[in-house]
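In: below are the sequence and a predicted model; questions follow.
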Amino acid sequence: MADMDDYLTVNRANWDERAPAHAASPDYGFEAFVADSDHLSSVVRFDLPLLGDISGRTGIHLQCHIGTDTLSLARLGARMTGLDLSPASLEQARRLAAEAGPPVDYVEADVYTAPEALWGRSFDLVYTGVGALCWLPDVDRWAGVVDDLLAPGGRLFLREGHPMLWSLDEALTEALTVAYPYFETPEPIDDEDPGTYVETDVEFRNNRSMSWNHGIGETVTALLERGLEVTGLVEHRSVPWEALPDRMVRDGLGEWSLQEHQERLPLSYTLQARKPQR
């Protein structure tokens with residue numbers, strides 16, 4: 001397996017450089033949060049039917065990046081904490097919370113050290129958004145962190161890019177072609193990409209990233225083996241970014257779907273689980 005410190009160093013540098021560009025991009029919509037106290041991120045708006053009422057709950061958002069989803073959850077009434085390994089991302093998240101409110105507590109740490117960084121705190125809600133799990137090498141270890149962070153009766157809410165989507169080669173436009181692992185592998189996908197997923201004119205220097213795919217069965221099994229009860233699993237035909245360029249259309253919620261044969265490929269999924277009462 002890739003050295004732990006190596007992958008953290010590589011990915012932190014990648015996210016640190018991109019955080020200011022993401023915050024300045026219209027895709028994240030910082031200005032809309034400041035202008036409208038009821039504004040929610042498109043990701044959380046999509047989540048609402050399954051997320052339900054979270055008012056009064058304590059929540060931890062793992063891999064929160066620049067905090068738009070974290071702030072949106074706080075606007076729904078949860079008392080939110082955001083955690084991320086990138087100090088530059090958290091700088092933008094804190095700025096947004098200060099300008100737009102309500103307040104959010106942010107903690108700098110990687111996911112696997114979250115229980116220690118949070119001083120053993122437990123939460124009613126562990127939330128993880130799209131494009132997060134792929135930066136972790138071991139989904140079973142992630143499930144252990146979720147278990148440690150959840151209070152008895154607490155709930156995991158995960159919406160993630162579908163592992164079948166992650167296995168496709170986005171650069172091949174003539175057909176949908178499987179080019180990467182579906183299942184978790186010991187070695188990462190070691191990639192060099194000068195771009196990012198939002199509109200920006202910024203030219204980046206830290207372009208290397210290290211990621212892993214995790215099959216749905218692996219992810220569900222990891223939670224079950226920790227004693228969590230899976231309460232929902234929904235596969236979606238859309239994803240919040242143009243994952244397959246030139247082959248997708250965007251809807252009014254900001255979600256992207258295949259132009260043709262949407263029934264053939266799941267693009268994201270929502271997985272929910274609950275920690276039993278002790």
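Out: In hand now; what should we look at?
In: show me where the stretch 1-150 of the chain has its strands.
Out: 58-62, 79-84, 105-108, 123-128, 150-161 (DSSP state E, counting those that start in this stretch).
In: can I get these in CSV including mean pLDDT, distance to Trp142 and mean neighbour count?
Out: Using the backbone N, CA and C atoms, a C-beta is placed for each residue, glycine as well. Shown next, in CSV, are the strands of the stretch 1-150 of the chain (pLDDT from 0 to 100; distance: least, CB to CB, whole Å; neighbours: other CB atoms under 10 Å):
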stretch, mean pLDDT, distance to Trp142, mean neighbour count
strand 58-62, 98, 8, 25
strand 79-84, 98, 13, 25
strand 105-108, 98, 17, 17
strand 123-128, 98, 9, 23
strand 150-161, 98, 10, 21
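In: closest one to Pro276 among the ones you listed?
Out: With CB to CB, the closest approach to Pro276 among the strands of the stretch 1-150 of the chain belongs to strand 150-161: 7.0 Å.
In: which strands and helices lie in contact with the helix or strand that the closest one is followed by?
Out: Where DSSP states H and E defines the elements, the next helix or strand beyond strand 150-161 is helix 163-166. Using 3 or more CB pairs under 8 Å, 6 or more residues apart in numbering; DSSP states H and E as the contact test, no helix or strand touches helix 163-166.
In: could you dump helix 163-166 to CSV, C-alpha only?
Out: C-alpha atoms of helix 163-166 as CSV (Å, rounded to 0.1, in the frame of the first residue of the first chain):
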residue,chain,number,x,y,z
PRO,A,163,-18.0,3.1,-7.9
MET,A,164,-19.1,2.1,-11.4
LEU,A,165,-18.7,5.8,-12.5
TRP,A,166,-15.3,6.0,-10.9
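In: tell me where the stretch 151-278 of the chain has helices.
Out: Counting by DSSP state H, counting those that start in this stretch, the stretch 151-278 of the chain has helices at residues 163-166, 216-225.
In: of those helices, which stretch is the most buried?
Out: Comparing those by mean neighbour count (mean count of other CB atoms under 10 Å), helix 163-166 comes out on top with a mean of 20.
In: pLDDT of that helix, averaged?
Out: The pLDDT scores in helix 163-166 average 97.
In: chain center to it: distance?
Out: 14 Å (CA atoms, centre = their mean, to the nearest Å).
In: contact partners of that helix?
Out: For helix 163-166, contacts defined as CB atoms under 8 Å, 6 or more residues apart in numbering pick out 134, 180, 182, 213-216, 239, 243-244, 265-268.
In: for Pro103, see how far away the most centrally placed residue in the chain is.
Out: Nearest to the mean C-alpha position of the chain, by CA atoms, centre = their mean, lies Gly129 at 3.0 Å. For Gly129, the distance to Pro103 equals 20 Å [CB to CB, to the nearest Å].
In: do the same with Ala132
Out: Ala132 sits 23 Å away from Pro103, going by CB to CB.
In: these two: which is more packed in?
Out: Using other CB atoms under 10 Å as the criterion, Ala132 and Pro103 rank with Ala132 on top: 21 against 12.
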